[in-house]
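[1] Sequence first, then the predicted structure:
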Amino acid sequence: MADINKKIGNILRMSENERYDYFIRKVADFEVLWGLDDNGWALLGDNEGRQVLPLWPEKEFAELCAIDQWEGFKPKEISLNDFFEKWIPGMTNDNTLVNIFLTPEEKGSVISPKDLGVDLQNEAEQYE
């Protein structure tokens with residue numbers, strides 16, 4: 001358990017860009033990403049009134065963010081295949097952005113779902 005906590009602590013100390021890269025590698029490798037759900041997905045807003053869906057590379061990191069306005073939310077798995085086939089088109093149509101790997105103390109990288117899809121596809125090609 002101490003090794004897991006050390007790993008989590010080390011990853012949480014990464015910069016925003018390093019966490020984004022970690023997210024891309026993990027999700028492309030394991031073909032799963034995580035959101036927080038409580039009869040509806042946890043969402044943020046941006047300065048332009050758009051919804052922003054936070055996503056994490058592993059269940060443990062999503063659990064750490066189930067606090068404050070998301071207390072009671074539970075990590076929920078999204079398959080990479082579903083993300084490409086359903087989520088990216090749906091979020092693009094709804095003008096929803098994604099927030100990649102925020103932490104309780106640090107903001108995440110906010111990008112369009114299409115840009116995230118391109119990065120994931122490019123990384124996934126290395127695993128084929």
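    Structure's in. What do you need?

[2] From here on, just use CA atoms for contacts and neighbour counts.
    Noted.

[3] Now stretch 87-101: buried residues?
    Trp87, Ile88, Met91, Thr96, Leu97, Val98, Asn99, Ile100, Phe101 (16 or more other C-alpha atoms under 10 Å).

[4] Take these and lay them out in JSON lines including distance to Asp37 and secondary structure.
    Listed next are those as JSON lines, based on distance: C-alpha to C-alpha, whole Å; DSSP: H, G, I helix; E, B strand; the rest coil:
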{"residue": "Trp87", "distance to Asp37": "15", "secondary structure": "helix"}
{"residue": "Ile88", "distance to Asp37": "18", "secondary structure": "helix"}
{"residue": "Met91", "distance to Asp37": "16", "secondary structure": "helix"}
{"residue": "Thr96", "distance to Asp37": "16", "secondary structure": "coil"}
{"residue": "Leu97", "distance to Asp37": "17", "secondary structure": "strand"}
{"residue": "Val98", "distance to Asp37": "15", "secondary structure": "strand"}
{"residue": "Asn99", "distance to Asp37": "15", "secondary structure": "strand"}
{"residue": "Ile100", "distance to Asp37": "16", "secondary structure": "strand"}
{"residue": "Phe101", "distance to Asp37": "16", "secondary structure": "coil"}
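
[5] At the geometric centre of the chain, which residue do we find?
    Geometric centre of the chain, nearest residue: Leu55, 1.8 Å, by C-alpha atoms, centre = their mean.

[6] Over to that residue: give its phi and psi.
    According to degrees, to the nearest 10, the main-chain angles of Leu55 amount to phi -130, psi 150.

[7] so how far is Leu55 from Leu102?
    Separation of Leu102 from Leu55 (C-alpha to C-alpha, to the nearest Å): 8 Å.

[8] mind showing which ranges of this structure have poor pLDDT?
    Applying pLDDT under 70 to the chain picks out residues 1-4, 128.

[9] Which stretches in it count as helices?
    Taking DSSP state H, the helices of the chain run over residues 2-12, 16-30, 59-64, 80-82, 88-93, 113-124.
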